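Trainee: sequence and predicted structure below; questions after.
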Amino acid sequence: MQIDSGDTTWVLASTALVMFMTPGLALFYGGMVRAKNVLAMLMQNFFSLGLVSVAWAVVVYSLAFGGSSKWIGNFDFAWLRDAPHAFPPGVALAIPPLLFMAYQMMFAVITPALITGAIADRMRFGAWAWFLGIWLIVVYAPVAHWVFAPSGWLFRRGALDFAGGTVVHINAGIAALAVSLVLGKRRGWPGTPMPPHSLPLTLIGTGILWFGWFGFNAGSALAGNAVAAQALVNTHLAAAAAMLGWLAIERIKGGHATTLGAASGAVAGLVAITPCAGFVGGMAPVVIGLVVGVICYLAVNIKFRFGYDDALDVVGVHLVGGIVGSLLLGLFADTAVNAAGRDGVFLGGGWGLFGDQVVAVLATLIYSFVVTYGLCIGLKRVLPGGLRATDEAEETGLDLTEHAEVGYSFVDR
Amino acid sequence: MQIDSGDTTWVLASTALVMFMTPGLALFYGGMVRAKNVLAMLMQNFFSLGLVSVAWAVVVYSLAFGGSSKWIGNFDFAWLRDAPHAFPPGVALAIPPLLFMAYQMMFAVITPALITGAIADRMRFGAWAWFLGIWLIVVYAPVAHWVFAPSGWLFRRGALDFAGGTVVHINAGIAALAVSLVLGKRRGWPGTPMPPHSLPLTLIGTGILWFGWFGFNAGSALAGNAVAAQALVNTHLAAAAAMLGWLAIERIKGGHATTLGAASGAVAGLVAITPCAGFVGGMAPVVIGLVVGVICYLAVNIKFRFGYDDALDVVGVHLVGGIVGSLLLGLFADTAVNAAGRDGVFLGGGWGLFGDQVVAVLATLIYSFVVTYGLCIGLKRVLPGGLRATDEAEETGLDLTEHAEVGYSFVDR
Amino acid sequence: MQIDSGDTTWVLASTALVMFMTPGLALFYGGMVRAKNVLAMLMQNFFSLGLVSVAWAVVVYSLAFGGSSKWIGNFDFAWLRDAPHAFPPGVALAIPPLLFMAYQMMFAVITPALITGAIADRMRFGAWAWFLGIWLIVVYAPVAHWVFAPSGWLFRRGALDFAGGTVVHINAGIAALAVSLVLGKRRGWPGTPMPPHSLPLTLIGTGILWFGWFGFNAGSALAGNAVAAQALVNTHLAAAAAMLGWLAIERIKGGHATTLGAASGAVAGLVAITPCAGFVGGMAPVVIGLVVGVICYLAVNIKFRFGYDDALDVVGVHLVGGIVGSLLLGLFADTAVNAAGRDGVFLGGGWGLFGDQVVAVLATLIYSFVVTYGLCIGLKRVLPGGLRATDEAEETGLDLTEHAEVGYSFVDR
Amino acid sequence: MKLVVAIIKPFKLDDVKSAVQDLGVQGLTVTEVQGFGRQRGHTEVYRGAEYTIDFVPKVKLEILVDDADATGVAERIMESARTGKIGDGKVWVIPIEGAYRIRTGEAGADAL
Amino acid sequence: MKLVVAIIKPFKLDDVKSAVQDLGVQGLTVTEVQGFGRQRGHTEVYRGAEYTIDFVPKVKLEILVDDADATGVAERIMESARTGKIGDGKVWVIPIEGAYRIRTGEAGADAL
Amino acid sequence: MKLVVAIIKPFKLDDVKSAVQDLGVQGLTVTEVQGFGRQRGHTEVYRGAEYTIDFVPKVKLEILVDDADATGVAERIMESARTGKIGDGKVWVIPIEGAYRIRTGEAGADAL
Ligand SMILES: Nc1ncnc2c1ncn2[C@@H]1O[C@H](COP(=O)(O)OP(=O)(O)O)[C@@H](O)[C@H]1O
Ligand SMILES: Nc1ncnc2c1ncn2[C@@H]1O[C@H](COP(=O)(O)OP(=O)(O)O)[C@@H](O)[C@H]1O
Ligand SMILES: Nc1ncnc2c1ncn2[C@@H]1O[C@H](COP(=O)(O)OP(=O)(O)O)[C@@H](O)[C@H]1O
């Protein structure tokens, strides 16, 4: 296919936007931890930009997108060999093939970064580095292949995932649960209050995430066309509606509409619309947003009942939001919006798509949980320092003990 | 018209950029209030992203752009019904029609958000929510229709407003004056010092605003063409020149060039160039910028003379800057730059355009002031809690009393 | 050439992205100084957006790009006269000519802004303003002409610089050395600890810089095409690899992988890939990144040995990183990636290109150092207040003494 | 010499400062502190989880005075800091053995 | 009246507060301070340059008590603040001449 | 036992700390405070509106010493904190009734 400068420009811009989300996520999470752990949180996220990007170029892109297997890629694109000249089998776009590699790279960067919210304040940086590199290969690459590569078994089955509801959010969300189970609770949790140290920082991150998400979702059209426009509209409306949903239930149940609630609701909406973005139309994003805003508000408090310490609610927001979005897509999908999609229950497509969505959700849940859990148990045994910082380090704060830095020094010393 | 991928991409990107301005504005304002009110400020702005977006899709887009009336839209686009397939009457672009809806949505989000600067530190969140929703319908929708819809009476008359000098800045600025008059002064103002709690936050916001404004102004070309390029150049030069203007007068009058002055000057320049961006050329943006930088510096101190508490100078910057820009356009407009415009006084077009600009400015001033003032009086009577937080809440800070949160906790508790 | 909407859109977006880098740089540096100087740092950078932009439109663009001389431009584009209609001689692009002016303007803004990192905490704002304006004309304009203008002697000679390795980074880096030599050390340096006051602020800046750098490097293709895609990929991979390189050596030598190290490594990688971005391919960016990450880590400590106070390591990161990138380009350049380039040593092109790169590096080093040093000596003599703030002002902090503001007031006074 | 110490509500600082200045006090030292007492703290809510904060921001004043002035200053502080609502704070007086001005080495009343 | 002053480790604040509340203490005042002593500080590294910070974050408590309660409160603080590791802090007792409640003007034990 | 208290200029902290360490002082506690006195504050300007801030950042030191050492320590602080310019600060000495080390329960001079 001829390269189109408009399409290429949209994917260039979208790649930049998705890259920007990882710093945004770092700030979103960074503001929520206590001041003594802010750098450790920022670092785990920025490090993903470093390690994942290089690993992606070396081999992971190829494992995710190379070849025509149903289960996993091959080594055709390793060391970027064929990447500048060829798309993965079954992909045909009016952009330079290397740009497709770059765009997908940014998804691989942010997916494990999402997990950092669950492990806040207690995982050693060294353990995170090992986890990150291995998880990318053993979990991200296969799941991405199943869903995003045209030869993947879930893709072939007809499960839909426009921009990563299963691959990114459910995958990271369930992995976050697995890691936090192995890791254990923060010392003092849930008795000791651990309030966010800087909600303005969290809101800077929210703004960047929302902005970057246009690249994530509308960019997934991989062209500057009407599907991209629809995806952008859906993305924005779902975020907006989910914010309203969260604030409404919060006000009803707790008496206060909170700033953190507004941010959390918006992110929940962005998560839920991710699989749907280019497949639904009309007022569907508003409905999806309202629903997910309410559900995620309720979901974030489950951890207190079950006693796992998902510090910043990766499970409550990304896992639950991702499932809600992926399943609602089975209801709202509309081929009038995107001929490449399927019709959902409400558009007269019957329960076929919904069933495939259930399969994709379950497959991701089971595979990611099992492998991630095993990986954590393994690392805990193998790594000399284990997964966790010492009690004393946790008390002092990871910024000093892991990185020999402090976040803030407002007063001269 | 055939969809052009380049044009579509520019409007996609611009829509994202304009969205990003509202978080930017939140930070710009958020840094200027006292630490105990930072979240309340951020919240009022983020909430606009939530409420306005959904309301826009439901009905306000249709009220602003539907139909062919001179005064107000209709319900053709309500619930986004015709929006994916049709442009408003008289609009013809090489982009997906739904994208036009989305781009305009971001303007509707930020316009009322501008008002939050005037009401800082004392308006109840609940009152703001009611105000926001109603104002959008009774003030924003009609004014946008008059000026932006090809059937609007000011549009037809030939008044020019490239990206929102009247609709956005004058409209929000005069409404801000009305609200702050009804609301009354902050306790202690002007005696008690209420310095900005974090100018770095304000400067983060300034950077984002400046960046996003390229989408606001150059995006208003609605195509990736020479007019967009000219608008981008004008936008940047006006911001730069206005910064210089503000700093110069500040240095002359007060002895110090301040960081807040640099930020304020830049924003004043961006405001003034907004109506002019795609209609003027050459060194006009530099002249406009220098002039508005000086005038707005002088204007922000008027409030002390008249005794209204426009906390963060929405009147001084947006109202005054918007008027300066809209009127100077009557002098500098140049059809050589944009054939769709008219020639101003300096380009031999006579005083016709200037006269129409005066009419547009006055119409916006009067309509917006009267309706906003009435709305505030009405809400003050109707809402159980009135418009204002209690004295005690104001003393404690709205973050705690309205949202049960605190902005910063640098020390473990 | 016919204007292409896709190309135009990419350059519009890239111009916005490069603009955004200067606020990003301000925050990157701002977080690293002590709290009492944060605004002074932010101000020096934002002021560059003001002064340089206006000066560029008035005359500096013309001096850099006008005419066909080998050494310096002319006045054809002064006051933007021919700029909307004509490209500089030898330039032919599918975008509006004025947009080329705007894109280049953003480079002129950020180049001197880089210098502010070296002069932190002690240069008077007034002195900076004078320095900025004159340096732009006597150093930036000629060097940009030599390298970027098709008639410039280094361009003609065949030296390659895709996006500003010599013009921007080496130029600013060596100038930073010259200024800091004339200026002298901060009081107490190196004995007194002067740790960063807010690494989260620095990381916000890092995120923005990285994001904006896609506009800087991929935008330098000046079209939405395969070269832009390659440049984007190279940019990202070099930043990622350099982060890994810096963290690895840091861990080996000092025991801790630091957050500031991750940020510094990423920036070093971005600097080094700048000249190479559109000329190399495959895994070259990863190699370049790893190498420069390690070298810059080692380079930042040279200042302690030689005793010049380059406060925030402009020399160690931008000068050294720029040299590393410009020279490695002589090894890795590949005409298969970009026919407009040349082949480097590893691609069978022999040492010709490498030699030309050495010439370009040396010419920039010598010219920029000598003229900048002379300029500083001159200003020191001529300006009534000299270059430096008084000892007392330095003790109190420049925010208060230069700008009559304080960065933060977390507690009501 | 005595040291009069007062814990007051932050927004009363200016009033108290003016009030004691009227009595001839030329200097004082202020510290941000957190108070715990009869006055209730507040509740914060993050994602539905409630945190009760018992501490209330207060300001501590330390004023070095001549023996004779201690009671007068203490009383004046109480008048000017009083709102009548719970949490107004405390005043106490500490005996001091020696006081010096660093700049000059002056001691006792001359050091004030 | 006495003022019992304690310098403790920040994370012990809640324990100490509860412990003295059990003794009937109804109020106290807390200040963030930096301590220097036997306990070593820490090292920070920025771009390879090491900085040694000697100061350790501590919390200072001031509790006004009746003469009779001073020793009991001091002992209770020591028990509840003790970890047995270097840096646990100090307690000292200062004699007070007068103490007042600002709200009511009550003096002495009534002011507590 | 005595408590030597000093209000000094923040940038003198390191000098003073070293100076008293030379005298054998092994520990001290530091608080950030705001001082008001003869030294003038500063003016801030925001959008043309001027604010006068009367308070100046200072550092407070508290050093527990044996009776015999009090004068020596106070003098040493004064020497090392002196710049000769207005605002150098104050030193005062408070009598202490009991001092304890929390870690061990040691009292008096042993607690230092
Ligand atoms: N026993 C005490 N010792 C030291 N400070 C106290 C004591 N009791 C109260 N305070 C301080 O005084 C402040 C006000 O006390 P509180 O009991 O709330 O109100 P009131 O003084 O009006 O009865 C507290 O916040 C605390 O800082
Ligand atoms: N002489 C002193 N005067 C005032 N405070 C002291 C003194 N010595 C120690 N401190 C305070 O007590 C804290 C703990 O003292 P340190 O010597 O580290 O441990 P320990 O009390 O267990 O021997 C110090 O951080 C400091 O705040
Ligand atoms: N009467 C006082 N009581 C308590 N602190 C005081 C008193 N007078 C001055 N101070 C403290 O000493 C500091 C220096 O005092 P100042 O009058 O400015 O200078 P100097 O001590 O050189 O005369 C003040 O900032 C304040 O913190």
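Mentor: Good, I have the coordinates. Ligands and ions are numbered 1, 2, ... in the order given.
Trainee: gap between A:V359 and A:A284?
Mentor: Plainly put, A:V359 is 22 Å away from A:A284 if you go by CB to CB, to the nearest Å. Just so you know, the C-beta spots here come from the backbone N, C-alpha and C atoms, and that holds for glycine as well.
Trainee: which one's the longest helix in chain A?
Mentor: helix A:352-382 (DSSP state H).
Trainee: would you mark the buried spots in that helix?
Mentor: By neighbour count with 16 or more other CB atoms under 10 Å in any protein chain shown, helix A:352-382 contains the buried residues A:353-354, A:356-358, A:360-361, A:363-365, A:367-369, A:371-373, A:375-376, A:379.
Trainee: what mean pLDDT does it have?
Mentor: For helix A:352-382, mean pLDDT is 98.
Trainee: what residues does chain D have near chain F?
Mentor: When proximity is defined by CB under 8 Å from any CB of the partner chain, chain D lies next to chain F at D:1, D:3, D:17, D:26-31, D:64, D:94-103, D:105, D:111.
Trainee: what about the helix or strand of chain D with the lowest mean pLDDT and chain A, touching?
Mentor: Every helix and strand of chain D was ranked by mean pLDDT, DSSP states H and E. The lowest is strand D:49-53, at a mean of 90. Yes - Strand D:49-53 lies within reach of chain A by CB under 8 Å from any CB, at D:A49, D:E50, D:Y51, D:I53.
Trainee: now do the helices in chain D.
Mentor: Taking DSSP H to define them, one finds helices in chain D at D:13-22, D:70-81.
Trainee: chain C: which of those helices is closest?
Mentor: Within those, the stretch nearest chain C is helix D:13-22; the backing value is 8.1 Å (CB to the nearest CB).
Trainee: quick one: pLDDT of the residue in chain A that ligand 3 sits nearest to?
Mentor: Nearest to ligand 3, among the residues of chain A, is A:V411, at 15.9 Å (CB to the nearest ligand atom). On the pLDDT scale, A:V411 is placed at 85.
Trainee: name the SS class of it, please.
Mentor: Taken by DSSP: H, G, I helix; E, B strand; the rest coil, the conformation at A:V411 corresponds to coil.
Trainee: for it, grab the count of nearby residues.
Mentor: 14 (other CB atoms under 10 Å in any protein chain shown).
Trainee: equivalent analysis for A:H236, please.
Mentor: Neighbours of A:H236 (other CB under 10 Å): 33.
Trainee: near ligand 2, from the residues of chain D next to chain F?
Mentor: Checked against ligand 2 using CB under 6 Å from any ligand atom, these give no members in range.
Trainee: show the buried residues in the residues you listed.
Mentor: Neighbour-count burial (16+ other CB under 10 Å) is assigned, among the residues of chain D next to chain F, to D:1, D:3, D:17, D:27-31, D:64, D:94, D:96-103, D:111.
Trainee: in strands, which of the residues you listed appear?
Mentor: In this view, these that belong to strands under DSSP state E are D:L3, D:L28, D:T29, D:V30, D:T31, D:L64, D:I94, D:G98, D:A99, D:Y100, D:R101.
Trainee: the nearest residue to the second one once chain neighbours are set aside: how many residues sit nearby?
Mentor: Put plainly, it is D:L28. Nearest non-adjacent residue to D:L28, counting by CB to CB, 6 or more residues apart in numbering or on different chains: D:I63, 4.5 Å away. For D:I63, the count of nearby residues is 27 (other CB under 10 Å).
Trainee: again with A:D412
Mentor: There are 20 residues near A:D412, going by other CB under 10 Å.
Trainee: surely it touches F:P10?
Mentor: Yes - counting by CB atoms under 8 Å, A:D412 does reach F:P10; the two are 6.1 Å apart.
Trainee: PyMOL command to pick out the buried ones of the residues of strand D:49-53 next to chain A?
Mentor: With 16+ other CB under 10 Å as the criterion, this PyMOL line picks the buried residues out of the residues of strand D:49-53 next to chain A:
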select buried, chain D and resi 49+51+53
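Trainee: residue contacts, the residue nearest to D:R103 when sequence neighbours are not counted?
Mentor: The shortest distance from D:R103 to any non-neighbouring residue, by CB to CB, 6+ apart, is to F:D88 (4.0 Å). Going by CB atoms under 8 Å, 6 or more residues apart in numbering or on different chains, F:D88 touches D:R101, D:I102, D:R103, F:I8, F:K9, F:A81, F:R82.
Trainee: distance check, F:D88 against C:A277.
Mentor: 57 Å.
Trainee: can you name the residue of chain D nearest to ligand 1?
Mentor: Proximity to ligand 1, evaluated over chain D using CB to the nearest ligand atom, is greatest for D:G35 at 2.1 Å.
Trainee: related to what we said a few turns ago, pLDDT for the ones in strands among the buried ones among the residues of chain D next to chain F - can I get that in a markdown table?
Mentor: Shown next, in a markdown table, are these (pLDDT from 0 to 100):
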| residue | pLDDT |
| --- | --- |
| D:L3 | 97 |
| D:L28 | 97 |
| D:T29 | 98 |
| D:V30 | 97 |
| D:T31 | 97 |
| D:L64 | 97 |
| D:I94 | 97 |
| D:G98 | 90 |
| D:A99 | 95 |
| D:Y100 | 96 |
| D:R101 | 97 |
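Trainee: now those as a markdown table including distance to C:G126?
Mentor: Shown next, in a markdown table, are these (distance: CB to CB, whole Å):
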| residue | distance to C:G126 |
| --- | --- |
| D:L3 | 45 |
| D:L28 | 37 |
| D:T29 | 36 |
| D:V30 | 35 |
| D:T31 | 37 |
| D:L64 | 42 |
| D:I94 | 49 |
| D:G98 | 48 |
| D:A99 | 44 |
| D:Y100 | 41 |
| D:R101 | 37 |
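Trainee: report the entries of the residues you listed that also contact ligand 1.
Mentor: Within these, nothing lies near ligand 1 by CB under 6 Å from any ligand atom.
Trainee: widest-spaced pair of the residues you listed?
Mentor: Maximum pairwise distance among those (CB to CB): 22.5 Å, between D:V30 and D:G98.
Trainee: for chain E, what are the nearby residues on chain D?
Mentor: D:2, D:6-8, D:31-38, D:54-55, D:58, D:60, D:70-71, D:74, D:77-78, D:81-95.
Trainee: repeat that for 7 Å
Mentor: Contact residues, chain D versus chain E (CB under 7 Å from any CB of the partner chain): D:7-8, D:31, D:33-38, D:55, D:58, D:60, D:74, D:78, D:81-82, D:84, D:86, D:88-95.
Trainee: whichever of those residues end up buried, select them in PyMOL.
Mentor: Burial among these is assessed by 16+ other CB under 10 Å; the matching PyMOL selection reads:
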select buried, chain D and resi 7+8+31+33+34+35+36+37+55+58+60+74+78+81+82+88+89+90+91+92+93+94
